[in-house]
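# Take this sequence and fold it.
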Amino acid sequence: MRFGDFLKFFRVQRGVTLRDLSSKVNLGFPYLCDIENNRKAAPNDMALLKIASILKLSVSEKAEFFDLAAESKRNIDKNNFHIPAD
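Now for the predicted structure:
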């Protein structure tokens, strides 16, 4: 499972809309949509902590959430790597 899939699963399961989450975490709706569709990496750690709290993740769910977030940052950053022109 990828980070975006995990986030969407628990968000829907907890009955939180994407717009509500966007507002509560102060992240743009399109950005969160891209995260859930695995097009963008996980947000910063402060946002992750807020999301975990809003979704009321258990200790084990939170551990998986942060592991998947770290993996998403590594993988998406690697896939979007570019060398700037001189």
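
# any weak-confidence spans in the chain?
76-86 (pLDDT under 70).

# Tell me where this protein has helices.
Assigned by DSSP state H, the chain shows helices spanning 3-13, 18-25, 29-36, 45-54, 59-79.

# Report the buried residues of the first one.
Okay, so that is helix 3-13. The neighbour-count check on helix 3-13 (16 or more other Cβ atoms under 10 Å) flags 3-4, 6-8, 10-11 as buried. (C-beta placed from N, C-alpha, C; glycine too.)

# Pull the residues that contact that helix.
Contact with helix 3-13 is made by 1, 18, 21, 35-39, 41-42, 51, 55, 57, 61, 64-65, 68-69, 71-72, as judged by Cβ atoms under 8 Å, 6 or more residues apart in numbering.

# before we move on, back to that, can I get the buried residues of helix 3-13 in a markdown table including distance to A47?
Supplementary listing: the buried residues of helix 3-13 in a markdown table, determined by distance: Cβ to Cβ, whole Å:
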| residue | distance to A47 |
| --- | --- |
| F3 | 12 |
| G4 | 14 |
| F6 | 15 |
| L7 | 11 |
| K8 | 16 |
| F10 | 15 |
| R11 | 14 |
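
# out of those residues, which one sits closest to L27?
Distance to L27 across the buried residues of helix 3-13 (Cβ to Cβ) is lowest for L7, with 11.4 Å.

# didn't D34 look like it was pressed against K40?
Yes: if you go by Cβ atoms under 8 Å, D34 and K40 touch, sitting 4.0 Å apart.

# who has more neighbours, the two?
K40 (18 against 15; other Cβ atoms under 10 Å).

# quick one: the more buried one from S72, how far?
8 Å (Cβ to Cβ, to the nearest Å).
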